[in-house]
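Asks: Attaching a predicted model along with its sequence, questions to come.
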Amino acid sequence: MQRRTMMTGSVLLALAGCASPQPDLYTLAAVPGAVQPGGPRSVMLRGIGLARYLERPEIVRSSEDYRLDIRANAWWGEPLGAMISRILVQELTQRLPASSVFSEGGAISAEGETSVEINLQRMDSDRTGMVLLRAQIAVQSRRAGGRGLVENFATQVAPGAGDLTSAVAAMSLGLGQLADKIAVMLQTA
């Protein structure tokens, strides 16, 4: 009986040693920007189009040299497209206090006076460690005389250190710069 208990304990210890550790979860943070006067009454941020290589729970550190650098236990705390949408709504609300900003994926079902669509083409580090963010932005106004605007956006942000937390902070800063660009575009739409 004692031998069986020892074997069972050994098997349980071996299985516990094989279990993978819990992943470290990361989130992007809203970055304040310059407040813009005016703007449309309501803005609907449509779903964020992500480059397919970014559509994964793991954080892509880099897509350089024809391969993806992914850390197995470093994950986003929520789906990346939904997180970027949530952060951009916060940032645009801060930058455009005269506008009501909401996302297509939220509980509000009204059409916005103006809509914003974003294709995020890249959000990772190059071989030097700089975080690159590239996107296409489309702003369409439903107001009389409103016009549509489509622009490309690119920025690079140097992380404060070489760790993943610094890279995620740099991604947050890049999204803040994207929000600045969108806020300016919304002024002229």
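Replies: Great, that's in hand.

Asks: As a check, name the ranges of all helices in the chain.
Replies: Along the chain, counting by DSSP state H, helices occupy 2-18, 80-95, 164-188.

Asks: Arrange these in TSV, one row each, with distance to residue 58 and mean pLDDT as further columns.
Replies: From N, CA and C alone the C-beta is placed, and that goes for glycine too. Below are the helices of the chain laid out as TSV (distance: least, CB to CB, whole Å; pLDDT from 0 to 100):
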stretch	distance to residue 58	mean pLDDT
helix 2-18	20	50
helix 80-95	10	97
helix 164-188	11	96
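
Asks: Output those as a markdown table; include the columns mean neighbour count and distance to residue 71.
Replies: What follows is those, written out as a markdown table (neighbours: other CB atoms under 10 Å; distance: least, CB to CB, whole Å):
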| stretch | mean neighbour count | distance to residue 71 |
| --- | --- | --- |
| helix 2-18 | 9 | 20 |
| helix 80-95 | 20 | 15 |
| helix 164-188 | 20 | 7 |
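
Asks: hey, what's residue 124 bridged with?
Replies: residue 132 (DSSP bridges).

Asks: Next: residue 156.
Replies: Residues in a beta bridge with residue 156, per DSSP bridges, are residue 132.

Asks: Model confidence for the closest residue to residue 149 other than its chain neighbours, exactly?
Replies: In this structure, residue 149 finds its nearest non-sequential neighbour in residue 139, 4.6 Å apart by CB to CB, 6 or more residues apart in numbering. Per-residue pLDDT puts residue 139 at 95.

Asks: Just give me the neighbour total for residue 139.
Replies: 24 (other CB atoms under 10 Å).

Asks: who's in contact with it?
Replies: By CB atoms under 8 Å, 6 or more residues apart in numbering, residue 139 lies in contact with 114, 115, 116, 148, 149, 150, 182, 185, 186, 189.

Asks: Kindly recompute the last result at 7 Å.
Replies: Listed by CB atoms under 7 Å, 6 or more residues apart in numbering, the contact set of residue 139 reads 114, 116, 148, 149, 185, 186, 189.

Asks: Could you verify my assumption that residue 42 touches residue 111?
Replies: No: counting by CB atoms under 7 Å, residue 42 stays clear of residue 111, with 8.2 Å between them.

Asks: So if I had to pick from those two, which one is more boxed in?
Replies: Legend: neighbour count by other CB under 10 Å for residue 42 and residue 111, higher for residue 42 (17 against 11).

Asks: For the more buried one, give its distance to residue 85.
Replies: Distance, residue 42 to residue 85, by CB to CB, to the nearest Å: 16 Å.

Asks: now do residue 136
Replies: Residue 136 sits 16 Å away from residue 85, going by CB to CB.

Asks: Same question for residue 175.
Replies: 11 Å.

Asks: Setting aside sequence neighbours, what's the nearest residue to the residue most central in space within the chain?
Replies: Among the residues of the chain, residue 84 comes closest to the average C-alpha position under CA atoms, centre = their mean, at 3.2 Å. Nearest residue to residue 84, sequence neighbours excluded (CB to CB, 6+ apart): residue 48, at 4.9 Å.
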